[in-house]
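Trainee: Got a predicted structure plus its sequence, pasted below:
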Amino acid sequence: MKKLLVSVLIVFAIMVQPFAAAASNEPVIDTSRIDEGVISVSHTAGQRLKVIVARGDKEVIYDLRNDGIAETYPLQLGNGEYTVSVLENTTGNKYRYIKKQTVRLELEDEKQVFLASVQNINWRYDMKAIQKAKELTAGLKSDSDKIKKIYDYIVNNFTYDYDVLASLPTGYVPDIDKILTSGKGICYDFSSVFAAMLRSQGIPVKLVKGYTTNVEGYHAWNEVYNSETGEWIVVDTTYDVVIKAAGRAVSMAKETAHYSKVYEY
């Protein structure tokens, strides 16, 4: 079972070349939503694009659409000064910087960033998945009840798609309404849907990628903040979808010691 839950880890080897010459078609780095802990980037180009969000010695690398449509990225590395860079592909796995911009994050509550709609947790209030979250949590007052209700919905109504990994495109990001409609997906999908549904209810949620003793290979799960207890809890909907389908009992909160994060969004 563990092998069948393996996710794909795509490693981007970026060989950086010097800055490109200034051009009129310059990438746009929009900081108008920085009070939510996010920035948006857009650019039109004939090459593949990357965005690097860095603070101190930590950085996160993302794909960027090259059709001029903005994508939103979290500043999830805590308050302080960030460098946001846009790079374009030159040849093979070589990229060059075409823009760098420094931004400063000063959130009163650093959990704010884990409520936002971002590239890999892309949600709007008019989406079916978000309307479903509203329906599920109607009348519920506590975070604990809302978290459990949405968790139960995913675990009871979704199935793991064992065939999708073979055809997963480079730069794949989940489409939460498509996943909701199909009722199936992989760990990245379930983690994104779970995060989006709870974020829409004002509950901070992280989408986490890394490793766990429960699953072989690279994996995705969630950390959910419960304001009643003041704690982040580890929730692995994917593991529980598979375990429940096998007729075994599941428990929502997982042991933190069994999970090792590489990235969080």
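Mentor: Yep, that arrived. Residues are numbered from 1 along each chain as shown.

Trainee: switch to C-alpha atoms for all contacts and neighbour counts from now on
Mentor: Fine.

Trainee: Show residues contacting the lengthiest helix in the chain.
Mentor: Longest helix in the chain, counting residues (DSSP state H): helix 143-157. Residues outside helix 143-157 that contact it (Cα atoms under 8 Å, 6 or more residues apart in numbering): 133, 136-137, 140, 183, 190, 194, 197-198, 203, 226-228, 237-238, 240-241, 244, 252.

Trainee: Out of those residues, name the ones that lie in strands.
Mentor: Among those, the ones falling in strands (DSSP state E) are Asn226.

Trainee: Turn the buried ones among the contacts of helix 143-157 into a named ChimeraX selection, would you?
Mentor: The buried residues among these can be selected in ChimeraX (16 or more other Cα atoms under 10 Å) with this line:
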select :133,137,190,194,197,198,203,226,237,238,240,241,244
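
Trainee: mind listing what the residue nearest to the spatial centre of the chain touches?
Mentor: Centroid check for the chain by Cα atoms, centre = their mean gives Asn120 as the closest residue, at 4.1 Å. By Cα under 8 Å, 6+ apart, the residues touching Asn120 are 173-174, 192.

Trainee: Could you tell me the per-residue confidence at it?
Mentor: pLDDT recorded at Asn120 is 98.

Trainee: quick one: low-confidence parts of the stretch 1-150 of the chain?
Mentor: Along the stretch 1-150 of the chain, segments meeting pLDDT under 70 span 1-24.

Trainee: For it, which segments count as strands?
Mentor: Along the stretch 1-150 of the chain, counting by DSSP state E, counting those that start in this stretch, strands occupy 15-17, 28-30, 38-42, 49-55, 58-64, 71-74, 80-91, 94-105.

Trainee: who wins for proximity to Leu207 among those?
Mentor: strand 71-74 (11.4 Å; Cα to Cα).

Trainee: list the helices and strands that closest one packs on?
Mentor: In terms of contacts (3 or more Cα pairs under 8 Å, 6 or more residues apart in numbering; DSSP states H and E), strand 71-74 is packed against strand 38-42.

Trainee: between the strand it packs on and strand 80-91, how many degrees?
Mentor: Strand 38-42 runs at 20 degrees relative to strand 80-91, counting by axes from the mean of the first three to the mean of the last three Cα atoms, to 10 degrees.

Trainee: thought Gly46 was touching Asn66?
Mentor: Yes - counting by Cα atoms under 8 Å, Gly46 touches Asn66, with 6.9 Å between them.

Trainee: the more surrounded of these two?
Mentor: Counted by other Cα atoms under 10 Å, Gly46 and Asn66 do not tie: Asn66 has more neighbours, with 18 against 10.

Trainee: ok now do the more buried one, which residues does it touch?
Mentor: Taking Cα under 8 Å, 6+ apart, we find Asn66 in contact with 42-49.

Trainee: try it again with 6 Å
Mentor: The contact partners of Asn66, by Cα atoms under 6 Å, 6 or more residues apart in numbering, come to 43-45.
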